[in-house]
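Undergrad: curious how this folds, go ahead:
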Amino acid sequence: MKEIFKLQADVCKTMANPVRMEIIYALKEGEKTVTELVEEAGLTKSNISQHLSVLKGSEMVRSRREGQNIYYSIANPKIIEACRLMREVLTEQLSERQKIMAKIED
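TA: Take a look at the predicted model:
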């Protein structure tokens, strides 16, 4: 059981970077090249490549080569589901905070 907790913590560390989260969300629509990710994120190719390397090392994304291009995709659709659930939790927390602030301001 401790091994599962360690693996879970490692995945959370990987996802604890906003650029990596942005890449994951960009890939939820389907596979993309580094160039496409650079255009979407507005970051440098080397920056995106470094983050893709971390995501690939954590087996969160996979790649395939087609000619000169390397295409990246989400390795497991449950990764997107986990991100969606976390986003829902955060949205609910933000909503609660806003309600509390509104009461304080009244």
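Undergrad: chain center to the strand or helix carrying Arg87: distance?
TA: Arg87 belongs to helix 77-105 when assigned by DSSP states H and E. Centroid separation for helix 77-105 versus its chain: 17 Å, with C-alpha atoms, centre = their mean, to the nearest Å.
Undergrad: that helix - what's its average pLDDT?
TA: Mean pLDDT, helix 77-105: 91.
Undergrad: nearest residue to the residue nearest the centre of the chain other than its sequence neighbours?
TA: The centre of the chain sits closest to Met21, judged by C-alpha atoms, centre = their mean, with a distance of 2.6 Å. Nearest in space to Met21, with sequence neighbours left out and distances taken as C-beta to C-beta, 6 or more residues apart in numbering, is Met15 at 6.3 Å. (Each C-beta comes from the backbone N, C-alpha and C, glycine too.)
Undergrad: mind listing what the one you found touches?
TA: The contact partners of Met15, taken as C-beta atoms under 8 Å, 6 or more residues apart in numbering, are Met21, Ile24, Met60, Cys83.
Undergrad: filter those down to the buried ones and hand me the ChimeraX line.
TA: Selection of the buried residues among those in ChimeraX, burial being defined by 16 or more other C-beta atoms under 10 Å:
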select :24,60,83
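Undergrad: just the ones of the contacts of Met15 in helices?
TA: Members of the contacts of Met15 lying in helices (criterion: DSSP state H): Met21, Ile24, Cys83.
Undergrad: out of these, which is nearest to Arg65?
TA: Ile24 (21.0 Å; C-beta to C-beta).
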